[in-house]
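Q: Have a look at this prediction, sequence included:
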Amino acid sequence: MRILLLGKNGQVGWELQRALLPLGELIALDSKSSEYCGDLAQLEGLRQTVRTLKPDVIVNAAAYTAVDKAETDREQARLINAQAVAVLAEEAAAIDALFVHYSTDYVYAGEGKKPWSESDITSPINTYGQTKREGEEAIERCCRRYLIFRTSWVYAAKGNNFARTMLRLAKERAELSIINDQFGAPTGAELIADTTAHAIKYERQQGEVSGIYHLAAAGVTNWHEYATFVFDIAKEQGVELKLQTAHAISTADYPTQAARPLNSRLQLGKIENTFELKMPEWKIGVKRVLTEWACA
């Protein structure tokens, strides 16, 4: 099996390089790759890459993820999150390759308290969410074989993320203000990558599992509780923090250019039942990554 991975150096892409290697021949690209085009801003180059390599599986871990910047950079966000995805979907369909793509809880309106189901109506509240939904629609329109994984609050041992930022700030400041009315589940890139590899293998053996799935850790928290957990684990590991007080504030107290969903809770029954999995509670993965940082 030949697998084409795009976005190899992102948080998820980095873990996918590890998780996908045992499945077959892996060709991993990013926007700076030279032999083959892995730049999602170069549509014809992408198209030619797929036609040349003829992969059995295309895994797209690349995306435009600058949520606030997307509000003023809409053309670029749409180019990468929607138009490039449409090109990949068309080319995957032409060779009947399995297309694996990552989307986001931002495709929902973000209201209420009930966990979102994959069948719920989408209603993005910002440009990032809208362009990600357009990418999903292109895949659904073009592909016979596809897996779209909607995930949330992604973190990893590699790269910048909320937990790493909170730790850095807690070492520098005595007080922090952290939002407590946005709810979701921190989801590790390692969990996403391992689940992806399992799902690809399952699809190859069983077939007929195409669709949209929520891929996230179990449980629910908010940003303030998440940060507090990070601080507590860091202290247990002997990390010295300057922080004395972490104030809980509302989203209204911290305005951003792009609106943020208050409810990012995701139902996990579909992915667990289809692929015979049990998604772990979010604290398990976060504690593991924090331990890795402490040992580094």
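A: Great, that's in hand.
Q: Quick one: neighbours of the nearest residue to Gly45 once chain neighbours are set aside, just the number.
A: Closest residue to Gly45 apart from its sequence neighbours, by C-beta to C-beta, 6 or more residues apart in numbering: Cys37 at 3.1 Å. C-beta: built from backbone N, CA, C; applies to glycine. Cys37 is flanked by 21 other residues according to other C-beta atoms under 10 Å.
Q: Local confidence estimate at Cys37?
A: With respect to pLDDT, Cys37 scores 97.
Q: my read: it touches Thr52, true?
A: No: in this structure, Cys37 is not within contact of Thr52 by C-beta atoms under 8 Å, at 9.5 Å.
Q: Please name the spatially closest residue to Ile148 (chain neighbours excluded).
A: Sequence neighbours aside, Ile212 is the residue nearest to Ile148 in space, at 4.5 Å (criterion: C-beta to C-beta, 6+ apart).
Q: on that earlier part again, which residues sit in contact with the residue nearest to Gly45?
A: 29, 45-46, 48-49 (C-beta atoms under 8 Å, 6 or more residues apart in numbering).
Q: Out of those residues, which end up buried?
A: Buried residues within the contacts of Cys37, defined by neighbour count using 16 or more other C-beta atoms under 10 Å: 29, 46, 49.
Q: Going along the chain, name the strands of the chain.
A: Taking DSSP state E as the test, the strands found in the chain are 2-6, 25-29, 57-60, 98-104, 146-151, 154-155, 175-179, 183-184, 187-188, 211-214, 221-222, 245-249.
Q: Which parts of stretch 216-226 count as buried, going by neighbours?
A: By neighbour count on 16+ other C-beta under 10 Å, the buried set for stretch 216-226 is 216-224, 226.
Q: Equivalent analysis for stretch 258-276, please.
A: In stretch 258-276, counting by 16+ other C-beta under 10 Å, buried: 258-268, 270-271, 274-275.
Q: do the same with stretch 235-255
A: Neighbour-count burial for stretch 235-255, counted by 16+ other C-beta under 10 Å, picks out 239, 243, 246, 248, 251.
Q: Hmm, the last one is touching Asp181, no?
A: Yes: counting by C-beta under 8 Å, Asp181 is a contact partner of Thr251 at 5.6 Å.
Q: Now do stretch 85-99: everything it contacts.
A: Under the contact criterion C-beta under 8 Å, 6+ apart, stretch 85-99 has outside partners 6, 40, 43, 46-47, 50-51, 54-58, 60, 101, 134-135, 138-139, 141-147, 200, 203-204.
Q: Pipe the buried ones among the contacts of Cys37 into a markdown table and attach distance to Val107 per row.
A: As requested, the buried ones among the contacts of Cys37 are exported to a markdown table (distance: C-beta to C-beta, whole Å):
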| residue | distance to Val107 |
| --- | --- |
| Leu29 | 26 |
| Leu46 | 23 |
| Thr49 | 27 |
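Q: would you list those in TSV and tack on pLDDT and distance to Ala84?
A: Formatted as TSV, those follow (pLDDT from 0 to 100; distance: C-beta to C-beta, whole Å):
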residue	pLDDT	distance to Ala84
Leu29	98	13
Leu46	98	6
Thr49	98	11
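Q: Show me which of those residues is closest to Glu111.
A: Nearest to Glu111, judged by C-beta to C-beta, of these is Leu46 at 35.5 Å.
Q: from what I can see that closest one touches Ala84, true?
A: Yes: between Leu46 and Ala84 there is a contact under C-beta under 8 Å: 6.1 Å.
Q: any shared contact partners between the two?
A: Counting by C-beta under 8 Å, 6+ apart, the residues touching both Leu46 and Ala84 are Leu40.
Q: picking up where we left off before, got any residues that touch both of Thr251 and Asp181?
A: Between them, Thr251 and Asp181 share the contacting residues Leu262, judged by C-beta under 8 Å, 6+ apart.
Q: Show me which of the buried residues of stretch 235-255 has the smallest pLDDT value.
A: Within the set of the buried residues of stretch 235-255, pLDDT is lowest for Val239 (90).
Q: from what I can see it touches Leu167, true?
A: Yes: counting by C-beta under 8 Å, Val239 touches Leu167, with 7.3 Å between them.
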